[in-house]
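Visitor: Coordinates only, no sequence provided:
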């Protein structure tokens, strides 16, 4: 262990002691960005970056669990990502499938898939569903894994689901329009029944949501880190927690 590792260890412990458990987020969302750029910087192929990013997710979940976070929502594959070259997409899906299976094998956390899985290759969707199903009765941290996810796609799917549900009840479009409220839409989101994220973290220096949890993040706090996702350290995570704990949330008031 080098001197820098020792210093970071001291800094981590100092940051941890500074955190007030009563002021930490219950639900954390993460846009895990920068895997390909990290791989290029390391002189490696994108597959290496994807694998390093997957390994970081397991670390990140452990950090969240240790601080008492109850829900983590991770965006690992967007609807835009589905337009990547076939070979690259296949490699990314393979890493995601292996990651979900590895997390399920830990029997530590309950996994839920978030997104339109019909947009994935059928064999990938089936493999992911099988892995997540094995965690149905796991206790502890709830982990939402966003695969084939896009904010606009989620809202489109929510409205389609709502209209089909209302039509099945014999209601006309005019009747639905006159009675529609925000709670009706929320009941058809991918995250229905879950509290909205308190904190959303994005890595890689990008300061935008790119469609992540558009509806749910209306009152969320945001933290943008310059670190590329595979290089995101516990120190960076604790800084995000410290930043959140120092804020006075107003919820639009």
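Guide: Nice, thanks for sending it over. These figures come from a predicted structure and were not determined experimentally.

Visitor: Please enumerate the strands of the protein.
Guide: According to DSSP state E, the chain carries its strands in the segments 27-31, 71-78, 110-114, 142-149, 199-202, 221-224.

Visitor: Give me the sheet partners of the fourth one and which way each runs.
Guide: This means strand 142-149. Strand 142-149 has its sheet partners listed here by DSSP bridges as strand 71-78 (parallel), strand 110-114 (parallel).

Visitor: Same list, the ones you listed, but as CSV with mean neighbour count and mean pLDDT please.
Guide: No exception for glycine: its C-beta is placed from N, CA and C like everyone else's. Listed next are these as CSV, based on neighbours: other Cβ atoms under 10 Å; pLDDT from 0 to 100:
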stretch, mean neighbour count, mean pLDDT
strand 71-78, 23, 97
strand 110-114, 20, 98
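
Visitor: Give the buried residues for stretch 82-93.
Guide: 82, 89, 91, 92, 93 (16 or more other Cβ atoms under 10 Å).

Visitor: neighbouring contacts of that stretch?
Guide: 46, 47, 50, 77, 81, 119, 120, 121, 124, 148 (Cβ atoms under 8 Å, 6 or more residues apart in numbering).

Visitor: tell me, what residue is most central in the protein?
Guide: The centre of the chain sits closest to residue 74, judged by Cα atoms, centre = their mean, with a distance of 1.6 Å.

Visitor: and it, what are its bridge partners?
Guide: residue 30, residue 145.

Visitor: shouldn't it be in contact with residue 147?
Guide: No: assessed by Cβ atoms under 8 Å, residue 74 is found out of contact with residue 147, at 9.5 Å.

Visitor: check contacts around residue 60.
Guide: Residue 60 touches 30, 72, 74, 232, 237, counting by Cβ under 8 Å, 6+ apart.

Visitor: Can you tell me how far the fourth one is from residue 225?
Guide: Going back to what we said before, that points to residue 232. Distance from residue 232 to residue 225, counting by Cβ to Cβ, to the nearest Å: 6 Å.

Visitor: Repeat that for the third one.
Guide: According to Cβ to Cβ, residue 74 stands 15 Å off from residue 225.

Visitor: now swap in the last one and tell me
Guide: When distance is defined by Cβ to Cβ, residue 237 is 9 Å away from residue 225.

Visitor: Spit out the residues that contact these two alike.
Guide: With Cβ under 8 Å, 6+ apart as the test, residue 237 and residue 225 both reach residue 201.

Visitor: still on that earlier bit, the contacts of residue 60 into JSON lines, with extra columns for distance to residue 108?
Guide: Formatted as JSON lines, these follow (distance: Cβ to Cβ, whole Å):
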{"residue": "30", "distance to residue 108": "18"}
{"residue": "72", "distance to residue 108": "12"}
{"residue": "74", "distance to residue 108": "15"}
{"residue": "232", "distance to residue 108": "21"}
{"residue": "237", "distance to residue 108": "18"}
